[in-house]
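Trainee: Pasted the sequence and its predicted model underneath.
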Amino acid sequence: MHIDLTGRVAVVTGGANGIGRATARRLARSGARVAIWDRVTAAGKAAAVALEAEQLEVHFIEADVTQRASVDAAVAATVARFGGIDILINNAGITRDALLVKIKDGAITGGMTDDEFDDVVAVNLKGVYTCTQAVVPELLKRGGGRIINASSVVAHHGNFGQTNYVATKAGVIGMTQVWARELGKRNITVNAIAPGFIATEMTAKMPAAALDAMRSHTPAGRVGSPDDVANAYCFLASDFAAFINGAVLAVDGGLVIGT
Ligand code: NAD
């Protein structure tokens, strides 16, 4: 399958690192012009420079998805640079893991804080809502487009220490299904990707034993690479996926947590 995104403009939130960076490269290699939106300027610029060195058209725009004004400015900067937007990859995400309650010797010794809960909701859930609401008018001007949201395998199965994260990733699936209905008639498809465990900075923070356990529960026998997920984003952004709307595509090597 040869995916050709020539003439399309894609936004990848959180595109400075990990899966987002691999996705920016994959989309650009398929012919898209790509705006990386991220709040980490040095890494974002470095990612764009590295991709430009491959003769790819990638531009970094500083943006914090939790701030409406920052997102609106990023939309304006993207349109000024590339003339419009066709594809939005809502990839930016964070973790702030903690048990709901920590119990030692029968006594509660701590637990997730309100800040840990709110920070993750602000980026992973409200950030997806804000970016989508800000970008949809641009997609409508182009006569349609693609929105693809980052969920996670944990949205279906839960995960230890991730009350906040799992709530956001399940919420992303809900928003995806609502927007597939609301925007489908406008020639905009909205889908989600549910990665399993992918080797990035996010999972580098996990204890080695937890990663080993995930690997052993994955029929593929390995954790995923950012390119595994980038390829799925690229497919859903392409004409080959024109009739896929409201779907959640697992990219997890067959992992089922807890089995
Ligand atoms: P990562 O930590 O490597 O990269 C995340 C990027 O998001 C970073 O560049 C970071 O600066 C950016 N970001 C964070 N907050 C932001 C904000 N407020 N505004 C703009 N950018 C912001 O993470 P990753 O592993 O590449 O994960 C990417 C996405 O995939 C996330 O949504 C994550 O939840 C999801 N995911 C990852 C895995 C995995 O195993 N790595 C599994 C399932 C889902």
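Mentor: Received, thanks.
Trainee: mind listing what the closest residue to F160 other than its chain neighbours touches?
Mentor: Distance criterion Cβ to Cβ, 6 or more residues apart in numbering; nearest residue to F160, sequence neighbours excluded, is L99 at 7.4 Å. Placement of C-beta: from N, CA and C, glycine included. Counting by Cβ atoms under 8 Å, 6 or more residues apart in numbering, L99 makes contact with G111, M112, F160, G161.
Trainee: and the protein, which of its residues are near the ligand?
Mentor: 13-14, 16-20, 38-40, 63-66, 91-94, 123, 127, 150, 152, 195, 197-198, 200-203 (Cβ under 6 Å from any ligand atom).
Trainee: switch to 5 Å and redo it
Mentor: Residues of the chain lying near the ligand by Cβ under 5 Å from any ligand atom: 14, 16-19, 38-40, 64-66, 91-93, 123, 150, 152, 195, 197-198, 200-203.
Trainee: tell me the two of the contacts of L99 that are most distant?
Mentor: Greatest spatial distance among the contacts of L99 (Cβ to Cβ): G111 and F160, at 13.1 Å.
Trainee: The residue nearest to F160 and T113, how far apart?
Mentor: Using Cβ to Cβ, to the nearest Å, L99 is found at 11 Å from T113.
Trainee: Pick out the residue in the stretch 51-200 of the chain sitting closest to the ligand.
Mentor: G93 (2.2 Å; Cβ to the nearest ligand atom).
Trainee: so how many other residues sit close to that residue?
Mentor: 25 (other Cβ atoms under 10 Å).
Trainee: just P207 next, same as before
Mentor: P207: 8 surrounding residues under other Cβ under 10 Å.
Trainee: cool, and E116?
Mentor: Neighbours of E116 under the rule other Cβ under 10 Å: 17.
Trainee: Quick one, which of the residues of the chain next to the ligand are buried?
Mentor: 14, 16-19, 38-39, 64-66, 91-93, 123, 150, 152, 195, 197-198, 200, 202-203 (16 or more other Cβ atoms under 10 Å).
Trainee: For the residue of the stretch 51-200 of the chain closest to the ligand, give me the pLDDT.
Mentor: At G93, the pLDDT value in this model is 98.
Trainee: if I look at the nearest residue to it once chain neighbours are set aside, how far off is Y165?
Mentor: Spatial nearest neighbour of G93, excluding adjacent residues (Cβ to Cβ, 6+ apart): N124 at 4.8 Å. Between N124 and Y165 the computed distance is 7 Å (Cβ to Cβ).
Trainee: Among these two, which residue is more densely surrounded?
Mentor: N124 (27 against 24).
Trainee: Which residue, other than its chain neighbours, is closest to I85?
Mentor: Counting by Cβ to Cβ, 6+ apart, E138 is the residue found nearest to I85 once chain neighbours are left out, at 4.1 Å.
Trainee: Let's test this: name the helix or strand in the protein with the lowest mean pLDDT.
Mentor: Every helix and strand of the chain was ranked by mean pLDDT, DSSP states H and E. The lowest is helix 208-216, at a mean of 85.
Trainee: Contacts for that helix next, please.
Mentor: G196, F197, T203, G221, R222, V223, L255, I257.
Trainee: likewise stretch 101-118?
Mentor: R96, A98, L99, L100, T163, N164.
Trainee: can you name the two of the residues you listed that are farthest apart?
Mentor: Across these (Cβ to Cβ), the longest gap, 12.9 Å, separates R96 and L100.
Trainee: If you count surrounding residues, which of the two has more?
Mentor: Taking neighbours as other Cβ under 10 Å, R96 and L100 compare with R96 leading, 17 against 12.
Trainee: Looks to me like that one is in a strand.
Mentor: No: under DSSP: H, G, I helix; E, B strand; the rest coil, R96 falls outside any strand and is assigned coil.
Trainee: Spit out the contact partners of the most centrally placed residue in the chain.
Mentor: The C-alpha lying nearest the average C-alpha coordinate of the chain belongs to N91 (Cα atoms, centre = their mean; 1.8 Å). Residues near N91 by Cβ under 8 Å, 6+ apart: V12, T13, G14, G15, I19, G20, T23, A150, Y233.
Trainee: I appreciate the help and will end here.
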